[in-house]
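Sharing a model that was predicted from the sequence below.
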Amino acid sequence: ETGVTQTPRHLVMGMTNKKSLKCEQHLGHNAMYWYKQSAKKPLELMFVYNFKEQTENNSVPSRFSPECPNSSHLFLHLHTLQPEDSALYLCASSEILVSFDNEQFFGPGTRLTVL
Amino acid sequence: AQKVTQAQTEISVVEKEDVTLDCVYETRDTTYYLFWYKQPPSGELVFLIRRNSFDEQNEISGRYSWNFQKSTSSFNFTITASQVVDSAVYFCAFSGSARQLTFGSGTQLTVLP
């Protein structure tokens, strides 16, 4: 595997379900990100991890719970979601967080539908 | 706070036409980077270019060219002789003192055969 991978690619869940999204980067990077992409809206940064430590939580509801066990893996645990949470969830990674030239490498995303 | 505006929501062109995608940004930072990403139907964002605020030299890469004008806070992207494979959503993004990427809302480009 190369680059940034995400599983599953598609997920349909009910509002009472609990599910997790997985992201893995094979680039040796130290910073990882979760973004939400809704139709007709800019990408919204949700969480940032740098060397496994969460450095950013952009006022994300607690029904989204991130986990970063190591620099290569990032999870997004989902529970009691709402239909408006349906979106494409993108994971990204970059070498380090502190640099301005924050080139990020993105995974293919998980298309989430909440019924 | 920074803001990135891509006023063109959707553009359609016929193959071989040239097309320019507009990007305007707002910031108080003096040091920053600007980016363009391409999002094909498969979903992942593909990095196209990065430009820092001190380098206003235009850049050309094959059929792609970028025009950075600090005076108008614009970073426009031109595709010459467009091809069907260029059809995608294109995002302009900004990175400054907040060390985060701020994205525009994207421009859906459709190139018709």
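Okay, I see it. Everything quoted here is computed from the prediction, not taken from an experiment.

pLDDT averaged over stretch A:34-46 - what is it?
Stretch A:34-46 shows a mean pLDDT of 89.

Can you point out the buried residues in it?
Neighbour counts over stretch A:34-46 (16 or more other Cβ atoms under 10 Å in any protein chain shown) mark A:Trp34, A:Tyr35, A:Lys36, A:Gln37, A:Pro42, A:Leu43, A:Glu44, A:Leu45, A:Met46 as buried. In this view, the C-beta of every residue, glycine as well, is placed from N, C-alpha and C.

in chain B, which helix or strand is least confident?
strand B:59-61 (a mean of 87; mean pLDDT, DSSP states H and E).

what does that strand contact?
B:Ile49, B:Arg51, B:Ser65, B:Trp66 (Cβ atoms under 8 Å, 6 or more residues apart in numbering or on different chains).

Equivalent analysis for stretch A:87-95, please.
Contacts for stretch A:87-95 (Cβ under 8 Å, 6+ apart): A:4, A:6, A:21, A:23, A:25, A:27-39, A:43, A:74, A:76, A:102-107, A:109-112, B:43-45.

change it to 6 Å
With contact meaning Cβ atoms under 6 Å, 6 or more residues apart in numbering or on different chains, stretch A:87-95 is reached by A:4, A:6, A:21, A:23, A:25, A:27, A:29, A:31-33, A:35-38, A:74, A:102, A:104-107, A:109-112.

Can you tell me which residues in chain B are near chain A?
Counting by Cβ under 6 Å from any Cβ of the partner chain, the residues of chain B lying close to chain A are B:Tyr33, B:Ser42, B:Gly43, B:Glu44, B:Leu45, B:Phe47, B:Arg50, B:Ser95, B:Gln100, B:Leu101, B:Phe103, B:Ser105.

residues in contact with the last one?
Residues in contact with B:Ser105 (Cβ under 6 Å, 6+ apart) are A:Pro42, B:Gln6.

do that again at 7 Å, thanks
B:Ser105 makes contacts with A:Lys41, A:Pro42, B:Gln6, as judged by Cβ atoms under 7 Å, 6 or more residues apart in numbering or on different chains.

quick revisit: pick the one among the buried residues of stretch A:34-46 closest to B:Val85.
Within those, proximity to B:Val85 (Cβ to Cβ) peaks at A:Gln37, which comes in at 21.8 Å.

Now do the end-to-end distance for stretch A:60-80.
Using Cα to Cα, to the nearest Å, the end-to-end distance of stretch A:60-80 comes to 14 Å.

Enumerate the positions of it that are buried.
A:Val60, A:Phe64, A:Pro66, A:Cys68, A:Ser71, A:Ser72, A:Leu74, A:Phe75, A:Leu76, A:Leu78.

same deal with stretch A:53-60?
For stretch A:53-60, burial by neighbour count (16+ other Cβ under 10 Å) applies to A:Glu56, A:Val60.

Counting only strands, which of the residues of chain B next to chain A make the cut?
If you go by DSSP state E, the residues of chain B next to chain A have B:Tyr33, B:Phe47, B:Arg50, B:Ser95, B:Leu101, B:Phe103 in strands.

Measure how buried the fifth one is and give me the count.
B:Leu101 has 24 neighbouring residues, counting by other Cβ atoms under 10 Å in any protein chain shown.

Which strand residues bridge it?
B:Ser95 (DSSP bridges).

Do I have it right that it meets B:Ser95?
Yes. Judged on Cβ atoms under 7 Å, B:Leu101 makes contact with B:Ser95 at a distance of 5.3 Å.

Tell me which helix or strand residue 55 sits in.
Here I'm looking at chain A. Take DSSP states H and E as the rule and A:Thr55 turns out to sit in strand A:53-57.

That was the other one, I meant chain B.
Counting by DSSP H and E, B:Asp55 is part of no helix or strand.
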